[in-house]
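A.B. asks: Just a sequence and a predicted model for now, questions to come.
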Amino acid sequence: MNFSDRLKARIEAEGPLPVDRFMAMCNAHYYATRDPLGAEGDFTTAPEISQMFGEMVGAALADCWHRAGSPVDAGYAELGPGRGTLAKDAMRVLRSVGFNGEVHFVETSPPLRRRQAEALPAAHFHEAIAELPDRPLLLVANEFFDALPVRQRVGEEERHVVVRDNAFALDPASGDIREISPARIAAARALADHLADHGGAALIIDYGYGRGETGDTLQAVKNHCFVDPLAEPGEADLTAHVDFAALATAAAGEGVKTSGMITQGNWLETLGIGPRAAALAAKNPERAEEIAAQRRRLCEEMGSLFKIMAFHHPGWPLPAGLSAA
């Protein structure tokens, strides 16, 4: 019996699943059974598009660490680090300015852990944010929060996944939908609590919104195309737009400071991706068009959809390119 059939049997035996429970179960199976990234996978993230993305992240964190007094006990951490590509590119920049901290990954997928260990053999692995070491952290969460499950409500009614005519369906099928995510709030609080207790700064990079918009944003991607989220449970990446305002409120309650939200394109351009692209093209003239296309994809095609926000300990500076909330 495949995962979809097991899920149907469970719903028929135990009753409808709230949307967040369905999303959590599907993504747990999905990430446990594959490396979903790259041309042969289901989707491509910014670090896989160009080394420039990780380098800009590394430069922002290096600057933040330097302005914090270059604490020798600080470490680098990443939540859901994909193949480790972002960390590898960011660490190259951090090492170049004398940062000697350990690398810590929060990752539960065995296939992705293997890829991450290939990229950074000395990395330490953790199952949860609460397991991160008691030290200041330069932390990145790139496309981490979007995969955490969301609840959906139609008015005051919880939306569920049901089985009808041997197919999955949503109940209620339509209406004025509002999404909330206890899982994301819990993760934001755990992250903020760590920073408040031990110091450091975190960059949150994801697609989403900042003013409490409403509507159904649950989506699925398979083979680099959008598909019906209910069509092949466990065989597509399920995500939903991130409510950055809710994350900021949760983090502020734990005693850290938060930045305002900015688009990825504006942030990368402010940090200097233009001069970096020019330098790369000058060194690799045969790749000039490719590098220019990578910059356009990061700053224009993905640039307005993806947003950046930072959390930081009150005694640490705000990462470059961002403004206080």
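C.D. replies: Perfect, thanks for sending it.
A.B. asks: what are the ranges of the helices in the stretch 101-250 of the chain?
C.D. replies: Taking DSSP state H, counting those that start in this stretch to define them, one finds helices in the stretch 101-250 of the chain at 110-119, 182-198, 244-252.
A.B. asks: wait, which of those helices is closest to residue 301?
C.D. replies: Distance to residue 301, taken as Cβ to Cβ, is lowest for helix 244-252 among the helices of the stretch 101-250 of the chain, at 20.3 Å. All C-beta atoms are positioned from the backbone trio N, CA, C, and that covers glycine.
A.B. asks: from the middle of its chain, how far away would the biggest strand by length in the chain be?
C.D. replies: In the chain, assigned by DSSP state E, the strand with the most residues is strand 200-209. Averaged C-alpha coordinates place strand 200-209 at 7 Å from its chain's average position (Cα atoms, centre = their mean, to the nearest Å).
A.B. asks: ok, back up a step: with mean neighbour count as extra columns, can I get the helices of the stretch 101-250 of the chain in a markdown table?
C.D. replies: A markdown table is the format used below for the helices of the stretch 101-250 of the chain (neighbours: other Cβ atoms under 10 Å):
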| stretch | mean neighbour count |
| --- | --- |
| helix 110-119 | 16 |
| helix 182-198 | 20 |
| helix 244-252 | 21 |
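A.B. asks: of all these, which lies closest to residue 276?
C.D. replies: Here helix 110-119 is closest among those (Cβ to Cβ), at 20.8 Å.
A.B. asks: Counting by contacts, list what that closest one packs against.
C.D. replies: Helix 110-119 sits against helix 19-32, helix 85-96, strand 124-126, with contacts defined as 3 or more Cβ pairs under 8 Å, 6 or more residues apart in numbering; DSSP states H and E.
A.B. asks: Any figure for the gap between the residue nearest to residue 239 when sequence neighbours are not counted and residue 78?
C.D. replies: The shortest distance from residue 239 to any non-neighbouring residue, by Cβ to Cβ, 6 or more residues apart in numbering, is to residue 146 (4.2 Å). Going from residue 146 to residue 78 by Cβ to Cβ, to the nearest Å gives 15 Å.
A.B. asks: the more surrounded of these two?
C.D. replies: residue 78 (29 against 23; other Cβ atoms under 10 Å).
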